[in-house]
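Colleague: sequence plus predicted model, see below.
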Amino acid sequence: AQTVTQSQPEMSVQEAETVTLSCTYDTSESDYYLFWYKQPPSRQMILVIRQEAYKQQNATENRFSVNFQKAAKSFSLKISDSQLGDAAMYFCAYRSGGSGGSNYKLTFGKGTLLTVNP
Amino acid sequence: GAGVSQSPSNKVTEKGKDVELRCDPISGHTALYWYRQSLGQGLEFLIYFQGNSAPDKSGLPSDRFSAERTGGSVSTLTIQRTQQEDSAVYLCASSFLDRTYEQYFGPGTRLTVT
């Protein structure tokens, strides 16, 4: 079974600074997806960024980028120019990529609570 | 367009009562998922629907939990004889069937069992 580990229960950053959230995962599969979701106090999970394992290029979405190290099974999220609205719980998630099997089920880490200080 | 909606937003019930949680997916989304978010277990998968059928119910924690989907749209998660350990946020998500890597979540239902 796949597992996702987020070793930082809490992180804080100053507004306009950069912060990196860590995530490692364990899998024997070669084809999969990795995600970062944001959950603000409203509880709604919002997809921040997605990485397909077969793509070597790291995904970016505006101020959000990832450092995907497939061999090390590491998938960190970098938030640049942090804003107050970035404060939330961030979850790393894994999904099998192959056809058939459980290629729909998301497996989540425990989350990292990010605080942004003005 | 409209996102995934869930009702009620919050539900407080007494131990032993039955509860029904509702999910309205995004129009056109054939795939629907239920997840549970609790302090002890984190976020865990419960059940997956393809249209009205549920090929994967492996995450349902006990036979007190059941779910159905009608008309390929609305889904209801039912918990019978609720226990205190059922207290959690129940999240619903939906996606197109060929884009299960793009799941859109609702705001969840916070269930408190007293």
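Modeller: Cool, the structure landed.

Colleague: for residue 6, which non-adjacent residue is closest in space?
Modeller: By default, I'm working from chain A. Counting by CB to CB, 6 or more residues apart in numbering or on different chains, the nearest residue to A:Gln6 once its immediate chain neighbours are dropped is A:Gly109, at 3.8 Å. For glycine as for every other residue, the C-beta is placed from the backbone atoms N, C-alpha and C.

Colleague: think we crossed wires, I meant chain B
Modeller: Residue nearest to B:Gln6 in three dimensions, not counting chain neighbours: B:Gly106, with 4.1 Å by CB to CB, 6+ apart.

Colleague: contact partners for that neighbour?
Modeller: Under the criterion of CB atoms under 8 Å, 6 or more residues apart in numbering or on different chains, the neighbours of B:Gly106 are A:44, B:3-6, B:23-24, B:91-93.

Colleague: at 10 Å instead, please
Modeller: Counting by CB atoms under 10 Å, 6 or more residues apart in numbering or on different chains, B:Gly106 makes contact with A:43-45, B:3-7, B:22-26, B:90-94.

Colleague: buried subset of these, written for PyMOL?
Modeller: Buried members of the contacts of B:Gly106, defined by 16 or more other CB atoms under 10 Å in any protein chain shown, are picked up in PyMOL with:
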select buried, (chain A and resi 43+44+45) or (chain B and resi 4+6+23+24+25+26+90+91+92+93+94)
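
Colleague: please name the residues that touch residue 92.
Modeller: No chain in the question, so chain A it is. Counting by CB under 10 Å, 6+ apart, A:Cys92 makes contact with A:4-6, A:21-25, A:34-37, A:66, A:75-77, A:107-112.

Colleague: please refer instead to chain B.
Modeller: B:Cys92 neighbours (CB under 10 Å, 6+ apart): B:4-6, B:21-25, B:32-35, B:46, B:67, B:75, B:77, B:103-109.

Colleague: please, which helix or strand holds the residue nearest the centre of chain A?
Modeller: Centroid-nearest residue in chain A: A:Trp36, 2.9 Å away (criterion: CA atoms, centre = their mean). In the assignment (DSSP states H and E), A:Trp36 maps to strand A:32-39.

Colleague: centroid residue for chain B?
Modeller: Short answer for chain B (CA atoms, centre = their mean): B:Trp34, at 3.5 Å.

Colleague: and it, helix, strand or coil?
Modeller: strand (DSSP: H, G, I helix; E, B strand; the rest coil).

Colleague: could you do the one 10 residues further on as well?
Modeller: State at B:Glu44, reduced to three classes by three-state DSSP: strand.

Colleague: any idea how far it is from B:Phe65?
Modeller: 12 Å (CB to CB, to the nearest Å).

Colleague: got any residues that touch both of those two?
Modeller: Residues touching both B:Glu44 and B:Phe65 (CB under 10 Å, 6+ apart): B:34, B:36, B:59.

Colleague: which one of those is nearest to A:Ser30?
Modeller: Using CB to CB, the shortest approach to A:Ser30 within the shared contacts of B:Glu44 and B:Phe65 belongs to B:Gly59, at 24.6 Å.

Colleague: just checking, next helix/strand downstream of the helix or strand of chain B with the lowest mean pLDDT?
Modeller: Lowest by mean pLDDT, DSSP states H and E among the helices and strands of chain B is strand B:53-56, with a mean of 88. Sequence order places strand B:65-69 as the next helix or strand after strand B:53-56, per DSSP H and E.

Colleague: and for that following strand, what's in contact with it?
Modeller: Counting by CB under 10 Å, 6+ apart, B:21, B:23, B:25, B:32, B:34, B:36, B:46-54, B:57, B:59-60, B:74-80, B:86, B:92 sit against strand B:65-69.
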